[in-house]
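**Q** okay, sequence plus prediction incoming.
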Amino acid sequence: MSYEDIHHGTAYGLDLSPDAARAPRWLSQAASTITPFLSRYGIVITFLALWQASSTFGWVNPSVFPPLDRIISALWTAIASGAFVDDIAISLQRSGIAFVSAVGLGIPLGLFMGQVRAVERALDPLLQFFRQTSALALYPVFILLLGLGETSKIFVIFWATLFPVLLSTIGGVKEVDRKLVEMARTYGAGSLQIFRRVVLPASVPAIFVGLRLSATTALLLLIAAEMIGANKGIGFQVMNAQYNFQIPLMFAAILLLALLGLAANAALVLLQRRLCRWA
């Protein structure tokens, strides 16, 4: 048996050409590409496939759980006809104003409280008390104080989204490595320089955790706010479709909310990667 026989695969009765010998390498490359995708999204794909099959073949009641193709068709029809366009704009306006207001107040206040420990100790019990109070439980109070218009809806979303970003910012400032602060002082940095060059950059990852939680909370509270005393918005469309037994349209509105939440989270993750390249 010669080396050439072994090299070309003719030994032991095997006749493997160079192209055949390269085939497993292509398969391994394809497997290395598909495997990470399936490990991340395999359960989601299986769940969606089971939903479609169980509704199509009558394993579950299709009037209650319509197949996914009907839901997607209802969503496309509602967007293409313009039925959801105004609702999307109004919902994004409500949640956007509340989210931006919570960020505008929560991050500066959190940075201040994280730096000044006396203020943080004094206000922390009050913050913890209000944080444990459900915003939905306070929604009737907000309606009594602010009326049943846009202000109460925006304020209840603002109330719920304020605490995640505020507490995450405080925690991020408190977890800054004290050795870095001491080293900056040793090199003659002032308080403002230490805050700008050390404390603030080190707090950014924790701040973004709070931002992502707040964005999710804003969409969750948006639904509850629009289900009470609203005549526009995605949450209103969910309730209206349920009252009229338009189940595919109801699931289409829910799917739209999920897609908006994923888009908001992806945008914040992308922004975090750009701002935290050093991490």
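**A** On my side now, so go ahead.
**Q** surely Val238 and Ala252 touch.
**A** No: counting by C-beta atoms under 8 Å, Val238 does not reach Ala252; the two are 9.4 Å apart. Every C-beta, even on glycine, is put in place using the N, C-alpha and C of the backbone.
**Q** of these two, which one has the most company?
**A** Ala252 (27 against 22; other C-beta atoms under 10 Å).
**Q** for that one, which non-adjacent residue is closest in space?
**A** Counting by C-beta to C-beta, 6 or more residues apart in numbering, Ala252 lies nearest to Leu75, which is 3.7 Å off, once chain neighbours are set aside.
**Q** run a quick neighbour tally on that neighbour.
**A** That count, for Leu75 with other C-beta under 10 Å as the rule, works out to 20.
**Q** do Thr46 as well
**A** Thr46 has 11 nearby residues by other C-beta under 10 Å.
**Q** tell me the pLDDT at it?
**A** Listed pLDDT for Thr46 reads 89.
**Q** quick check: next helix or strand after the helix or strand hosting it?
**A** Assigned by DSSP states H and E, Thr46 falls within helix 18-56. Sequence-wise, the next helix or strand downstream of helix 18-56 (DSSP H and E) is helix 68-80.
**Q** in the chain, which spans are helices?
**A** 3-8, 18-56, 68-80, 85-115, 117-131, 135-146, 150-174, 178-186, 191-194, 200-226, 234-243, 247-275 (DSSP state H).
**Q** can I get those in CSV with distance to Pro62?
**A** As requested, the helices of the chain are exported to CSV (distance: least, C-beta to C-beta, whole Å):
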stretch, distance to Pro62
helix 3-8, 59
helix 18-56, 5
helix 68-80, 8
helix 85-115, 26
helix 117-131, 42
helix 135-146, 32
helix 150-174, 34
helix 178-186, 60
helix 191-194, 63
helix 200-226, 25
helix 234-243, 16
helix 247-275, 9
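**Q** just say which of those helices is most tucked in.
**A** The highest average neighbour count among the helices of the chain, using mean count of other C-beta atoms under 10 Å, belongs to helix 150-174 at a mean of 23.
**Q** distance from it to the middle of the chain?
**A** 16 Å (C-alpha atoms, centre = their mean, to the nearest Å).
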